[in-house]
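sharing a model that was predicted from the sequence below.
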Amino acid sequence: MKTPPDGTVFIVDDDDDFRDSMQWLLEAEGLSVTGFASASAFIETYDGQPGCMLLDVRMPDINGLALQQMLLDKGFSLPIIVISGHGDIPMAVTAIKSGAMDFIEKPFDDAVLLHRVNLGLKQAGEQHRQNLLRNETRSRYASLSRREKEVMALVVAGRANREIAEDLGISPKTVEVHRSRVMGKMQAGSLPQLVNMAGLLAV
Amino acid sequence: MTSAPSAQQALQSALDASRREADRYRLLVEQSTDMISRHTPTPEWTYVDVSPAVERLLGYRSSEIIGTPGYDLFHPDDADNLIKRAESVSYRGGLYTNVYRYRHKDGHYVWLETTSRTIRDEAGEPLEIICVSRDVTAREQAQRATRRLARVVEACSDMVMFCAPDSLQLTYLNEAAATTVGASPDDAVALNLRQLFAPETFATLLLDGLEHAAQHGCWYGSIALQLPAGKDARTAEIREIIAHRNHAENRRVEYYSIIGRDITLKRKAEDAARRQQLELAHMSRLLSVGEMATGLAHEINQPLAAILNYCRGTLRRAEDGKELRLSQALNAMELIAGQARRAAEIIKRIRSYVKRTEYQRTEFSINDSCREVAEFLRQEASDNSIRFTFDLDTDNPGLIADKIQVEQVLLNLLRNAIEAYSDCEHVPRTVNIGSRRDQGYIEVAISDCAKGVDAPALSQLFDAFYSSKPSGLGMGLAISRTIIETHGGQLWAESDGHSGTVLQFRLPVSRHQDRAP
């Protein structure tokens, strides 16, 4: 059996029976699923856990679009697949334009749904890894001294050691020492890697 | 010495006798009130002699008229009656009788009835015409008046029948009556009044009516006739009975006039109107469902989509490498069955709502109806983020009325309230449904907190084809009011124009009295 991707599928739909049936379907593929009857119920408990969301766009109280906005406001980026029934296409289109990953009409082809959910989880996983890497890189960067940060900036800009020495008013030898310490602390195996890390930090 | 009467004396005696006889006849002629005249047997009909009565009848003295052409005094229309064998001429035993107009000396016409005989010689040639004439002006005018009245009765669109007092045999039917009872005017006189009514009706209502008319002169009311059945069956009622008494001292009833009206067309029109109202109510229900189609389709889609998920989920669990316990499969099937029932319920509700029905009075709970209709609209309310709240009478009052139509009204009012919020940002969006028993009536109120309706719009709210929605047909509230009023109730709206609207109706509970204390 194929190992399912990590992460939880969050189902937000006010129709209890339908939500239960979706859970039945997704769990058949070994996915981990949690259901919520309303957007507010979800918001109360969600704390950034990785996963993707299946969201019914037609709901009383807070509707799907509002929930999307709330997540954005809180800085969460959860891939959202919008579920629409007949006649909801305009709403679904708006949802996509507001950043939802995809939409699917019910009753749906389960293979298509599972495929999209997997994509969503993969995307979530990817984002999660990116976040971790960014955090890791940030903490490494924080451990550099002021001089080392200056050297790294100029190395990444493509300056030669001699030029860096001139810019900073230190000896080329000192530049070499700083440079090797930077590579070590940043755990970069090559110059291109260091450049990538710098790119991450800039974002 | 006496001699035998001579021939001369005998002759003289005979002459005297003749003279006396002639005088006697002359006296008869001169004293007769009828005018006796002798005329030449010519077209001019010249007066040869005429009795003194001519002066009384025609204003002429005998001497003035003798020798003048009698033909000239005829009224132009009647002049050639004899020749034309007009209706006014009759012949019997050598005598012609003619009724005609003749000019009086003063210029006006009088009606004369003249009997005439032609006197002929031995060869059969006409010698003269002898006429006896009588003024029948009064009689003729009376007869004409009677004929006019008879024509009115005959042509009257109301039924008129005459019937004999004791036997109740019909002596006359006008054309309208004959047509209605299905008789030809000839065999109408073979009918008895008893044949026209149902036995109980005859024994009670009709005999009472006759009795009342006999005592008071006339009777007014409404009694249904029993007429031959069939596809051209007619419906008619007796409206009036008049008792005609003779003028002798006993003042007995001589005959009854019975006046009635054929209400077949009126009844047909009433039936047609009622059928049309049912049609309209039915159309309105179809229209409502059509407008709700998107929501209803979504509502049915839900259980279908759930069924699909349960099936696919179970099938996937049965694939190679995975484990499916029988209990799981059975559980899934139970859930599938439940969802199928859910879909079936929605379909059933729609079906029973759009059914074309006759008026049916049944007893039902108004609270149950309020809840069911709210459930029917759950999706539509949810789509518009509207919540229903209930304030129903705790005694759960019952009501005898047409359930489908009352629920149709509830649906229209609730949809109206939902619609009221469409251009209003107010939250929370609630629609309250309240019911209350108030003595012999049940009151239901649907209230919203939307923008309200201003006074001019309020007065037009229930007009047919008045709609504030661009796509609306505007029949919902008009039909609702018709339904409520047909049940003997009232439907009205109240609004202050800005903070909301209340749509309310009152229905009589039923005609039955409560058994509860």
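Received, thanks. Numbering: from 1, shown residues only, chains lettered A, B, ... in the order given.

for chain A, which helix is longest?
Of all the segments assigned as helix in chain A under DSSP state H, the longest by residue count is helix A:110-142.

check which residues of that one are buried.
By neighbour count, and taking 16 or more other CB atoms under 10 Å in any protein chain shown as the criterion, the buried residues in helix A:110-142 are A:110, A:113-114, A:116-121, A:123-125, A:128, A:137, A:140-141. Just so you know, the C-beta spots here come from the backbone N, C-alpha and C atoms, and that holds for glycine as well.

list the contacts for residue 104?
Let's take chain A. A:81-84, A:112-113, A:116 (CB atoms under 8 Å, 6 or more residues apart in numbering or on different chains).

was after chain B, sorry
Applying CB under 8 Å, 6+ apart, the residues contacting B:H104 are B:57-59, B:110.

just send these back as a markdown table, with distance to A:L191, neighbour count and pLDDT too.
Rendered in a markdown table, the data for the contacts of B:H104 read as follows (distance: CB to CB, whole Å; neighbours: other CB atoms under 10 Å in any protein chain shown; pLDDT from 0 to 100):
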| residue | distance to A:L191 | neighbour count | pLDDT |
| --- | --- | --- | --- |
| B:L57 | 156 | 20 | 92 |
| B:L58 | 156 | 22 | 93 |
| B:G59 | 156 | 16 | 93 |
| B:V110 | 149 | 20 | 94 |
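
out of those, which are inside helices?
Of the positions in these, B:57-58 sit in helices, assigned by DSSP H.

the contacts of B:H104: which two are farthest apart?
Looking at those by CB to CB, the two members farthest from one another are B:G59 and B:V110, with 9.3 Å of separation.

and B:R429, how far is that from B:V160?
68 Å (CB to CB, to the nearest Å).

and the pLDDT at B:N301?
We note a pLDDT of 86 for B:N301 in this prediction.

chain neighbours aside, what residue packs nearest to it?
If the residues on either side of it in the chain are set aside, B:N301 comes closest to A:G85, at 5.3 Å by CB to CB, 6 or more residues apart in numbering or on different chains.

to what extent is that neighbour buried, counted in neighbours?
The burial metric for A:G85, expressed as a neighbour count using other CB atoms under 10 Å in any protein chain shown, is 25.

contacts for stretch B:81-89, please.
Contacts with stretch B:81-89, where a contact means CB under 8 Å, 6+ apart, come from B:78, B:80, B:96-100.

show me where pLDDT drops low in chain A?
The model of chain A has pLDDT under 70 over residues A:1-4, A:59-65, A:86-88, A:203.

helices of that one, start to end?
With DSSP H as the criterion, chain A has helices spanning A:16-27, A:39-45, A:64-74, A:89-97, A:110-142, A:146-156, A:161-168, A:172-186, A:191-202.

centroid residue for chain A?
Among the residues of chain A, the smallest C-alpha distance to the mean C-alpha position (CA atoms, centre = their mean) belongs to A:Q127, namely 2.8 Å.

quick check: nearest residue in space to B:M475, chain neighbours excluded?
Leaving out its chain neighbours, B:M475 is closest to B:S284 (CB to CB, 6+ apart), at 5.5 Å.

show me what the helix or strand hosting the one you found packs onto, helices and strands only.
Counting by DSSP states H and E, the element that carries B:S284 is helix B:264-291. Taking 3 or more CB pairs under 8 Å, 6 or more residues apart in numbering or on different chains; DSSP states H and E as contact, the helices and strands that helix B:264-291 lies on are helix B:326-354, helix B:403-420, helix B:476-486.

let's go with 6 Å and repeat that
Contacts defined by 3 or more CB pairs under 6 Å, 6 or more residues apart in numbering or on different chains; DSSP states H and E place helix B:264-291 against helix B:326-354.

packing partners of the helix it packs on?
Counting by 3+ CB pairs under 6 Å, 6+ apart, helix B:326-354 packs on helix B:264-291, helix B:293-317.

buried residues in the longest one?
Counting neighbours by 16+ other CB under 10 Å, one finds that the buried residues in helix B:264-291 are B:277-278, B:280-282, B:284-285, B:287-289, B:291.

centroid-wise, who is the farthest residue in chain A?
Note on chain A: the largest separation between a C-alpha and the mean C-alpha position, by CA atoms, centre = their mean, falls on A:S171 (43.0 Å).

phi, psi of that residue?
Torsion angles at A:S171 (phi, psi; degrees, to the nearest 10) stand at phi -80, psi 150.

B:S422 now?
Phi and psi for B:S422, reported as degrees, to the nearest 10, are phi -60, psi -30.

leaving out chain neighbours, which residue sits closest to it?
Closest residue to B:S422 in three dimensions, ignoring its sequence neighbours and counting by CB to CB, 6+ apart: B:N384, at 7.0 Å.

that neighbour and B:L377, how far apart?
Distance from B:N384 to B:L377, counting by CB to CB: 10 Å.

thinking again about what came up before, how many residues are close by the residue nearest to B:S422?
B:N384, neighbours per other CB under 10 Å, totals 16.
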